[in-house]
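Trainee: Got a predicted model here, sequence first, then my questions.
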Amino acid sequence: MTLPGEDLLVVDGLTVRFGGLTALHDVRLSVDAGTVVGVIGPNGAGKTTLFNVICGFVRPQSGRVVWRGEPLVRHRPEHLAGLGIVRTLQGLGLFAGLTVLENVMAGAGRHARTGVLPALVGAGRSARDESDLAARARATLGELGIADLADRLPGVLPYGVRKRVALARALVAEPDLLLLDEPASGLFAELVELSTLILSLRRHMAVVLVEHHMDLVMQVCDRVVVLNFGEVIAAGTPAEIQADPRVAEAYLGDPAEEAPDA
Amino acid sequence: MQEFLDLTLGGISAGAVYAALGLALVIIYRATRVVNFAQPALALISTYLAYSVTKATGSYWLGFAVAIVAGTVLGVATERLLIRPLRHRSELSSIIVTLGLLLVLQAIAGMIWSNEPLAFPYAFDFRGRFSANDLFVVLIVLAIAALVLVVFKYTPLGLRMRAAAFAPDVARTLGVRVGLMLTVGWGMAAAVGSLAGLLATPPFLFPNVLDGVFVYALTAAVLGGLDNPLGTIAGGFVLGVGLSYVSGYLGPEMVTIAALAILVVVLIVRPSGLFGRAKVRRV
Amino acid sequence: MTVRTSLPESRVEAAAKKRMLPPLLRHTLYALAAFAAVVALTLVTDEFTNLRIATIGYYLIAVAGLTLLTGLTGQVSLGHGAFMFIGAYTVALLVKHVPSFPLWADLLLASVAGGLAGLLAGAAAARLRGPYLAGATLALAVGLPALTRRFQDFLGGSNGLSFTVHSRPSGVAIPELRWQTWIVWLSVLIALVLVVNVVRGRLGRDFRAVRDDEVAASLSGIAVGRTKILAFLISAVCGGLAGGLQAFLLGTAAPGSFTPALSLSLLAAVVLGGLGSLWGALWGAVALVYFQAWSEDLADVLHLNTDVANNLPLAVYGVILIVVVLAFPRGIQGGFQKLRGILRRPAEKKENHENH
Amino acid sequence: MLEIDGLSVAYGAVRALDGVGIEVDRGGITAVLGANGAGKTTLLRTISGLQPARRGRIAWDGKELTGLAPDRIARGGVAHVPEGGGVITELTVDENLRLGALWRRDRADRAAAREEVYELFPPLEERSAKPASTLSGGERQMLAIGRALMSRPSLLLLDEPSLGLAPLITARIMGILRDLRASTGLTVVLVEQNAHSALSIADRGYVLALGRVVAVDTAAELLADDGLRHAYLGF
Amino acid sequence: GESDGGGQQAADSAVGVTKDTVTIGTHQPLTGPAAPGYSKISVGARAVFQAINDGGGINGRKIDYKVEDDGYNPTKTVEVVKKLVLQDKVFAIVGGLGTPTHSKVVDYLNTEGVPDLLVSSGALAWDNPQKAPMTFGYQVDYTREGKIQGKYIKDTFAGKKIGYFTQNDDVGRDTQAGLDQFVKDQTVVRQGYDSANTDVTPQLSALKAAGAEVVVCECIPAFTALSILAAAKIGYKPQFVVSSIGADPATLSGLLQDFAKRGGASVSSAQLLAGLIGTGYLPDVAQTTDPWVAYFKGIHDKYIPKEPLTNTLFYGMVQAYTFGQALKAAGPDPTRQKIVEAMSSGALKGPGLTPFGFSKDSHSGYTGAYVFKINPDTTTTVIQPPSVTDRGTGAITPYTGERATPDQVNLLGK
Ligand SMILES: Nc1ncnc2c1ncn2[C@@H]1O[C@H](COP(=O)(O)OP(=O)(O)OP(=O)(O)O)[C@@H](O)[C@H]1O
Ligand SMILES: Nc1ncnc2c1ncn2[C@@H]1O[C@H](COP(=O)(O)OP(=O)(O)OP(=O)(O)O)[C@@H](O)[C@H]1O
Ligand SMILES: CC(C)C[C@H](N)C(=O)O
Ligand SMILES: [Mg+2]
Ligand SMILES: [Mg+2]
């Protein structure tokens, strides 16, 4: 267990180029346990790319990702869940052919105790494993208020509900770090619930949040990092960020136009 | 050296034929995301028609023209009757349906023209290390490939066809007549396929004559990158020449294994073919 | 809204599960029942029907393996005949060169050999998608049997190998074919128990997750590449066993038996039966055997000119493929389910109101 | 004028729209609001012909749209920016844009329209020859809107255009819509969950809930109606 | 597979025989890649059986001829043969076609005691009376034929360089065994072909490069034609010597005829074929003066006038006729044992120009061949009369025996 105040994740000197385009340039960022860090910035600023590097989808030209003091070397996305890092996707990324319950169970794989071989023959603990996973998945669905949809296929559910399923799939793994890529997009009525949820998560895990909904960002984040053209142009508390003229110019626009309203 | 040259030249004209049939596959794949297993059979029927017309009229070129037209009609009919109903179904459904069509058409060919081989002439004199006919085959395939490429890449029709293929619903809301585009795609492909059939068939015509060519054509298309007409042409020639060397230096029984080996090696290095664009799923 | 950090004791769940047998045991019991049914069936049918039942058996395991691969992980293989080829030659070579091996060992090794090939093929295939995979596997189906011509002396060239396996213990007074049918089905059902376990368990879920969304699957901690290879492996083991059983049953292993047409029929069976369902695999295997038989019988009863008669079965078979796919989007199994739905609906008559 | 009357749409047993009636004046901006699953997307898809209606009729400019194929509707000047943008990722940015105006005869104007779009969204011009798959989420949204504008539509259907966009860009798009309405008389149907930003530029608003219209009023009135806001709009 | 008791089981068994019918079956490649070339054999056979039936059958029994398509796929062969035996309860299998296919059912047929007559293949395996007492060959076996070819070449083309061009299977292997007894030291190059690969230009180029003046082509007809065309393509003019399976002038000229019309007047099928040397054991259909050819042509014209009369068709007709003879010889109440005895009796004298090797100790089909040359008008001239030999290293001797005429055999008459 990492103690509060200790850096759980450190991203250091990260540079990513796609051909001639520099998507990230010398980005530094650290995440303490039990905090919510917001990453904001204009479209194309490199936020998703940052997540992609942390998850191992994109290899940086330089820089490193340090997890609990250990640099992650040539890590691959599938290792992350095991390390305690879980990410939601900017789209939905639900498994269309799996029921809601199965979707969530698929995310709970890190809790399975048996290896591939016993699972292959269905022997030993593997049966009990399955019911454990199902129980966890149901519990998480219950917490998100969608337990009654367990046996439905995600395709027929409204977008907002699907987002919750995706969130449940992430939470069921009980990660130490949750990377949320635009969790509020497509949600509006549920924004309040979402912010409550994120705040409650803070007790168990750190959260990095990429989001364009400034209300949400301002409410839940302990710290905010602002990217523009791949560079960190500002970092600080939400209040500091909101007051920063560079941020206003690059990202927020004329504050009169987007009056916060909750 | 002499042998090397002969094998190279032989490989080039064989490769042209693989490229042509491969091109037909690519056009359909681009248009409808379907690998058309019935392609050799569509070409087969039109080649048989060419045979009958040539036999009846004595004119090779009349038969040639009839084959291209008949092929186009067959392609259009296939799309309308068999492929369109499968629009929203998995790729497997269309694989099986085109496979079924392959069997039906081969059987029909056998019923009408019997399973015994028939003599089917070359377009031009076939004699010589690189004969007039070889030259014809290579040139016409290159010309057709260039035409297809230009249509796809630089014309509004091509853009519409690609849009219809990649995202039918979106294309529709942009005013593209998706159904028409798919039909045009099948028609075009079947015309090219029929041409390939006419070029590949000589000297003999029988119901399974294009099976082997089809396997190599698919290999060529996959080698080149199924979305890429240029790659398919290159893939066809690479495969044709490569297999010719294998046949000449290692023995004919090694040809199919070599095709497999070439394909596997290429795909391991480049999973979307030599010229295919890797499809990156953005996260 | 809170998130727990420790496992909740969901007693209701646990109790509900306890009443059910562990899946392995449950599936084994089903298999025993199925075996009894097959034995009964062979006893009331004639010898030739026995052969057809045995044929359905080995196709069933091949189709089930392919169903697992194609239906669950979405990898389309047009070359599964290649694994049957390997299984068949493994049995043939063992029977000829190591006659001391018992039959079960031959069959086990055929499965292992198929699996090894599947491992290699799967490793190459894991990076391929859609038509690229289809093309590569088709090349496998075409290319691999050509090995026999490369190693004429060992593999018998295009004539292949013929042999007879004497499996029936002396003193057992039942027709050889019936006995063979039992062996085939026993092996198939043992393998099927494993396949069912995989499909219904965690691995099956992982397979389907990988099929639906590779990126999301990897973020859920599923090793995408390894999962795909595993699916190929399991499916190739089934193919190898099917080939081994075919060799055992028919006493032959020859390249002419493992044409691309075989691979394509296996895939056709997967689709005809109902993609992704193991019951579908059974219907697919039955269809494979009986559709062909029917189309031949049909050609027999119509007295036609020879060219027409010769080609009629092929045409009928082709038409069946087309019609079934067009008319039954979810295959025969889907048709059954629909039928069941129709039969049940009047009984339940439940208003299906969606809550948003 | 867009007239929708008694429109019902269902997905199998799921009823997504139930007797919806909507009227939009020419040159108006109308917001369609509602929670998740209210049927907003379905409404737009039905107008543009992608989803067949069970019952009811839709007419634009006096012409009946019900039953027409989507491409016919599009060629009648109705542009639809679907939920999530619907960018064709396999095509380049430029091809995506060109596609938007391909059915229009006027070649010169097609080029001019492209220049205007590039001016509106400079990031697109920089990447015009790149496949759209390399665009970020927000850049795709820009492309989708730009593509719709390419056809110089008379009716523009926008499904959650602000989804994934930075506030600055959202504000800019709203500004653009306002300008276009003023300069070309464009009619806009704007579907948004972000009711606040939608109503800030709309003249009128419809609120959907469970497939039915539960409120219609001017934007100002809707913004002022606290009860409604809490009940259906969540803010 | 040991099956010594096979013959015993067969004793007195008259499965497939009723008062007025005898049911027999065969497996043929009617569809698929091997169909071209072979799909007409059963057509010829059926015509003869029809003629027999129309003449009142054999001893009052009509022959019910069941043809199963195996597509040249051994798995299917096993299935269809079991179907014929178990379900259709055939009396015998007649003329099952192909080495890779038929070799998979020999054990089964012998174990079950089913007569397996006149196998359509020249493999050596059918001649094994100890292990396969029910199985009888038909064609001259490939080694015998190779020997006769080899001797002829050695005598006629002494000192010339020889190249082999052979099908990559037992046809090629067994023929070479025969050829090598005579012309091994003259042979400068050996090339093979794979029937799946129709581009034979590389092989012909290699034969040319090695300077082969005589090319021995152990090919099926399509590949003979392909070789001739490939040679023409590269301007190579060797003396072709082709074995019986691929030297049917009627089939070849049919395959090559259309090249006369295109690609320059200098290529006509006649020119391409003229001078080609072949071996055969049945009379050539072009020899209209031969009494058997005339006889079968009569049946052809009556029952299947639309089919081109080729040696392939003729092959099937002779096969059917020969079975008819054996059935007749088996007496008024045929059993499986009796027909096997009739086959081995050595009494079958038939349309072939060389005798069958059938006896108690040999189940080999035709035992020799004659050599012919194709004339510029695609008729043929016999250039070496029939000679016979064994499958070992025995001598080749001219065959002087008398051939029965159709009238003498008088199968159709009462
Ligand atoms: N694979 C790639 N190839 C080329 N360019 C890329 C690739 N991936 C990302 N980019 C570019 O890198 C930049 C950063 O993209 P990224 O997706 O990280 O932005 P973002 O901050 O997440 O934006 P948004 O808020 O719109 O989602 C963009 O300009 C994008 O076009
Ligand atoms: N393809 C479909 N199949 C079945 N049901 C569907 C489908 N698409 C939508 N629905 C259902 O129709 C109803 C309306 O959905 P719609 O997408 O129109 O809502 P929306 O208002 O756009 O929601 P959101 O704000 O989440 O985008 C929902 O209950 C949804 O579950
Ligand atoms: C001549 C053919 C009927 C026999 C065939 N070539 C085989 O031996 O397989
Ligand atoms: Mg992003
Ligand atoms: Mg919506």
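Mentor: Arrived safely, thanks for sending. Ligands and ions are numbered 1, 2, ... in the order given.

Trainee: For the chain, just list every one of the strands.
Mentor: Just so you know, I chose chain A. Counting by DSSP state E, one finds strands in chain A at the ranges A:7-18, A:21-32, A:36-40, A:62-67, A:70-71, A:85-87, A:177-181, A:206-210, A:223-228, A:231-236.

Trainee: wait, I meant chain E there
Mentor: Assigned by DSSP E, chain E shows strands spanning E:21-28, E:62-69, E:92-94, E:116-117, E:162-167, E:187-193, E:214-218, E:239-242, E:277-280, E:368-374, E:380-388, E:397-398.

Trainee: what's the closest of the strands of chain A to residue B:201?
Mentor: strand A:7-18 (47.8 Å; Cβ to Cβ). (Each C-beta comes from the backbone N, C-alpha and C, glycine too.)

Trainee: Dump that closest one to CSV, restricted to CA.
Mentor: Taking Å, rounded to 0.1, in the frame of the first residue of the first chain, the C-alpha atoms of strand A:7-18 are listed here in CSV:
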residue,chain,number,x,y,z
ASP,A,7,4.1,9.6,-5.6
LEU,A,8,2.2,6.7,-7.0
LEU,A,9,2.8,7.5,-10.6
VAL,A,10,5.4,9.8,-12.0
VAL,A,11,5.6,10.7,-15.7
ASP,A,12,8.9,12.2,-16.5
GLY,A,13,10.2,14.1,-19.6
LEU,A,14,7.8,12.4,-21.9
THR,A,15,8.1,13.2,-25.6
VAL,A,16,6.0,11.5,-28.3
ARG,A,17,6.2,12.3,-32.0
PHE,A,18,4.0,11.0,-34.8
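
Trainee: which residues of chain A score low on pLDDT?
Mentor: Applying pLDDT under 70 to chain A flags the ranges A:1-6, A:121-124, A:186, A:188-189, A:254-262.

Trainee: Need the single longest helix in it, by residues.
Mentor: Assignment by DSSP state H gives helix A:126-143 as the longest helix of chain A.

Trainee: Flag every buried residue along it.
Mentor: The neighbour-count check on helix A:126-143 (16 or more other Cβ atoms under 10 Å in any protein chain shown) flags A:126-127, A:129-141, A:143 as buried.

Trainee: now the helices for chain D?
Mentor: Taking DSSP H as the criterion, chain D carries its helices at D:40-47, D:70-75, D:93-101, D:107-120, D:122-126, D:137-150, D:167-184, D:195-201, D:219-224, D:226-228.

Trainee: buried residues in the last one?
Mentor: Looking back up the chat, that one is helix D:226-228. Under 16+ other Cβ under 10 Å, the buried positions of helix D:226-228 are residue D:228.

Trainee: roughly how far apart are whatever residue of the stretch 101-250 of chain A ends up closest to ligand 2 and residue A:195?
Mentor: As assessed by Cβ to the nearest ligand atom, ligand 2 sits closest to residue A:159 within the stretch 101-250 of chain A, at 3.1 Å. Taking Cβ to Cβ, to the nearest Å as the measure, residue A:159 falls 18 Å from residue A:195.

Trainee: Report the contact partners of residue 46.
Mentor: If you meant another chain, say so; for now it's chain A. Residue A:46 is in contact with A:16, A:23-24, A:27, A:227, A:229-230, counting by Cβ atoms under 8 Å, 6 or more residues apart in numbering or on different chains.

Trainee: switch to chain D, that's the one I care about
Mentor: So residue D:46 contacts D:7, D:9, D:17, D:52-53, D:58 (Cβ under 8 Å, 6+ apart).

Trainee: before we move on, the earlier item: what is the nearest of the buried residues of helix A:126-143 to ligand 5?
Mentor: residue A:141 (22.6 Å; Cβ to the ion).

Trainee: pretty sure residue C:230 is touching residue A:116, no?
Mentor: Yes. The pair residue C:230 / residue A:116 is scored as a contact, 7.1 Å apart, by Cβ atoms under 8 Å.

Trainee: Spell out for me which residue occupies the centre of chain D.
Mentor: residue D:158 (1.4 Å; Cα atoms, centre = their mean).

Trainee: measure it to ligand 5 for me?
Mentor: 11 Å (Cβ to the ion, to the nearest Å).

Trainee: Surely that residue and residue D:83 touch.
Mentor: No. Contact criterion Cβ under 8 Å: residue D:158 and residue D:83 do not qualify, at 9.7 Å.

Trainee: In contact with the closest residue to residue D:62 other than its chain neighbours, which residues?
Mentor: Closest residue to residue D:62 apart from its sequence neighbours, by Cβ to Cβ, 6 or more residues apart in numbering or on different chains: residue D:1 at 7.7 Å. Neighbour list for residue D:1: D:23-26, D:60-62 [criterion: Cβ under 8 Å, 6+ apart].
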